[in-house]
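K.L.:
quick one, fold the following:
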Amino acid sequence: MGAGDGAVIGVLSPFVGGAYYGTILAGISAAAAAAGSRTVAVQTLDAAADMAVNGGTPTFTAPVAWDHIAGFVVLADAVTGDYLDRLHAAGKPVVLLGHRAGRPDLTAVVADNGAGVRDAVTHLVEHGHRRIAFTGYVAASDIAERHHAYTGTLLAHGIEPDPALFLPATDNLESGVAGVDPRALRNTATAIVAATDRNAMGLLTALTAAGFACPDDLAITGFDDIEVAAYLNPSLASVRQPLTVMAARAVDLLLRAVAGAPLPPGAQRVPTAFVPRGSCGCSDSVLRLPPPVADPGPARLTERLAVLLPPDAVRTGEHLTVLAKAVDSVVDLAGAAAAGRPPDHAGATAALLALYALQAQPEGMRIVARAVQEYVQQVPAADVATARRLDGCVQELILAVVRVRQVANFGDRWRLRSTVGAHYDLSMALLYNRQSDPRDLGWLSVTPATAGSLGLWGAQGRLDVTDGWRRHPGPAIGGGTLEVRAFPPAGLIEAAGPGETVFVVPAKVNASDRGLLAVAGVVESQVEDGRELVNQCAALLTVGLDLREQEERLRRAALSDPLTGLPNRAALVETLSRAVRAPDRRFAVLFLDLDGFKQVNDRLGHAAGDELLVYVAERIRRSLRTGDMAARFGGDEFVVFLAEAEHLDGIADRLRASIVAPYTVAGQLVRIGVSIGCTPCDDRATADEILSAADAAMYQAKTAAR
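P.N.:
Numbers count the residues shown, from 1 in each chain. Model (predicted):
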């Protein structure tokens, strides 16, 4: 435990998962957990927001979870400057991550955008390119830095930047370069630096569709080195920014601030590295490592494997310990094989994979294989048998490492398969299952979530929080009325298990704003930003609540009289049918027919007649007991369902006295009468039989009155 022992840190992010934001969130959550802290990630875009985040800021103002959170890491495009000021005024330390938001007064952990782009441009110049274009959404501060480095590097190489080779993108995704015409570009440039990998991927697709080839017709580089970059055809040359390292640095700074240390204003830059691949003209089949400096032996093995470490500026003692353990395991393995002792393949495999996991580069396995082979080949072999043992030892070690990675990759594919299945089950549970209420969070059982809580907007901006849901036994997650700053309940934060994050997502789709959904689970980083399951949960929950509300409105409309607002004939028959089936039948029915209504209607007009019917309906409603029901049967006929068949004469007299009292209709005083027929439930089998009996009793009463 350290400075963050027991603290809850918050993350404000446009999305709470995905290839970019999810990778950062996973790094934040892991670093916070290692320091003894919990993480609450708040999504600031609506559940159904477009996933093309392009440098804007959402209109997010709610102080979600402020009562629980000691300080915030704020990602790019998450909130406005006004929100940051409110956090400062509330005494919440803030560390910006991946952007500077135009706030030199705040601490920001950012990638060294300039160095990465300078390396990319220099690499293209070394390939002989002089006409190098640039594309990116420069309204975003980090993209603007990359563009500035691009122009500066061209000038440093004696190349005057051509304004015609600046091709602004509309966002950071493939769609951002939709306006770029590869055919025209081919005639003006030989290479292009894209500000993001997603922009570069859009260019690659457009280039292929136009019948051109990369890098022969146009060399392309990207930025971010997302996982798919190494597996494109050709593989995408890119600038690698260590998102996990940046996340850990931000958490460390924030927890120090929570403990009372001052935050240093300005940018804390994390080194980047350009990774040449096929799209820039380099061979995909050749693994490029720097020329060795150390002599053969453990020192050179250390030098080779150190390529897998985070950059020098952010290396820690723990990183160096992992490296030393990996080197020692290979040395011990080779020594055992040379001496004829049983080698510890399992220990060496685990140590090498731990080193690989520090950054998980796509080329990492090849670096491991080459470094191990290079080291073992220089181990002296006294005879042929020893040489064979060494050769078999290195082969078995490399196969073991690859096998473990294959199992891990299979696990990733299996999780993706399970996620697809969960999306289907989620849709069925929230959109098609009419037997359950979406507010009952039992539907979370079809997702990987381990706990959940739902807050629906109530009076005065507060949240009406339902009782929480848990997958495993544990303390109840309470509900009740909460201020936004107290949501999610503390019980949900405490329910998050090791390696889990609490996600809070607005249950808002277009104009429908239901409240906030909070779930505990593991960050998803292998899906598109904005397409993670927790986001879909909030979106489908909102749609499910809307559908049920619309259905209820339609049901009420189908069962109510549009003029008087009373239940209609269909609703009455439904109520009577349920009462007939009840084991304890004690109800009765009154059938009311207005006397003199036709004359009022004919004399004053239909509008006045409608007005009179509304008045009559209201008087009937006020005359009933709790549990009774009045319905407009049709025309000037009304039926009253009495849940208890007691004091029928008294009820009928009260209704009659209320109805025959004078009315002012269309500015005139009018009077009407009423004939009332009554029938108890008796042993009649259907609603129609009961209504027929009541109708007959009413006509009998009308005849007697005449």
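
K.L.:
tell me where the stretch 351-500 of the chain has helices.
P.N.:
364-377, 384-427, 490-495 (DSSP state H, counting those that start in this stretch).

K.L.:
in the stretch 601-706 of the chain, which ranges drop under the pLDDT threshold?
P.N.:
706 (pLDDT under 70).

K.L.:
and if we set it to 80?
P.N.:
Flagging of the stretch 601-706 of the chain using pLDDT under 80 yields the residue ranges 681-685, 705-706.

K.L.:
what segments of it are strands?
P.N.:
With DSSP state E, counting those that start in this stretch as the criterion, the stretch 601-706 of the chain has strands at 629-634, 637-642, 663-665, 668-670, 673-680.

K.L.:
so what are the domain limits for this structure?
P.N.:
With domains defined by automatic domain parsing, the chain comprises 1-92+436-455+485-558, 111-242+273-280, 298-411, 560-705.

K.L.:
out of these, which gets nearest to Leu426?
P.N.:
Comparison of the domains of the chain against Leu426 by C-beta to C-beta identifies domain 1-92+436-455+485-558 as nearest, at 5.7 Å. From N, CA and C alone the C-beta is placed, and that goes for glycine too.

K.L.:
now do the closest one, average pLDDT.
P.N.:
The average pLDDT for domain 1-92+436-455+485-558 rounds to 87.

K.L.:
check the offset of it from the chain's centre.
P.N.:
7 Å (C-alpha atoms, centre = their mean, to the nearest Å).

K.L.:
tell me the SS of Ala108?
P.N.:
strand (DSSP: H, G, I helix; E, B strand; the rest coil).

K.L.:
tell me how many other residues crowd it.
P.N.:
Ala108 has 24 neighbours, counted by other C-beta atoms under 10 Å.

K.L.:
about what we covered before: what would the helices of the stretch 351-500 of the chain look like in a markdown table with mean neighbour count and distance to His68?
P.N.:
Putting these into a markdown table (neighbours: other C-beta atoms under 10 Å; distance: least, C-beta to C-beta, whole Å) gives the following:
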| stretch | mean neighbour count | distance to His68 |
| --- | --- | --- |
| helix 364-377 | 19 | 38 |
| helix 384-427 | 15 | 27 |
| helix 490-495 | 20 | 6 |
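
K.L.:
which one of these lies nearest to Arg603?
P.N.:
When the helices of the stretch 351-500 of the chain are compared by C-beta to C-beta, helix 384-427 sits nearest Arg603, at 58.5 Å.

K.L.:
lowest-confidence stretch among the helices of the stretch 351-500 of the chain?
P.N.:
helix 384-427 (a mean of 73).

K.L.:
what are the ranges of the helices in the stretch 201-350 of the chain?
P.N.:
243-258, 298-305, 317-339, 345-356.

K.L.:
before we move on, back to that, looking at the strands of the stretch 601-706 of the chain, which is buried most?
P.N.:
Highest mean neighbour count among these (mean count of other C-beta atoms under 10 Å): strand 637-642, with a mean of 23.

K.L.:
Gly128 - how many residues pack around it?
P.N.:
Counted with other C-beta under 10 Å, Gly128 comes out at 10.

K.L.:
give me the phi and psi for Gly98.
P.N.:
phi 90, psi 0 (degrees, to the nearest 10).

K.L.:
use 48 as the first number from now on
P.N.:
Yes, from this point I'll number from 48; that puts the last item at Gly145.

K.L.:
residues in contact with it?
P.N.:
Ile71, Leu122, Ala123, Val156, Val157, Ala158, Asp189, Leu290, Met293 (C-beta atoms under 8 Å, 6 or more residues apart in numbering).

K.L.:
could the helices of the stretch 248-397 of the chain go into a markdown table alongside mean neighbour count?
P.N.:
Conversion of the helices of the stretch 248-397 of the chain to a markdown table gives the following (neighbours: other C-beta atoms under 10 Å):
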| stretch | mean neighbour count |
| --- | --- |
| helix 290-305 | 24 |
| helix 345-352 | 19 |
| helix 364-386 | 18 |
| helix 392-403 | 20 |
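
K.L.:
can you add mean pLDDT and give those back as JSON lines?
P.N.:
Below are those laid out as JSON lines (pLDDT from 0 to 100):
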{"stretch": "helix 290-305", "mean pLDDT": "93"}
{"stretch": "helix 345-352", "mean pLDDT": "88"}
{"stretch": "helix 364-386", "mean pLDDT": "89"}
{"stretch": "helix 392-403", "mean pLDDT": "87"}
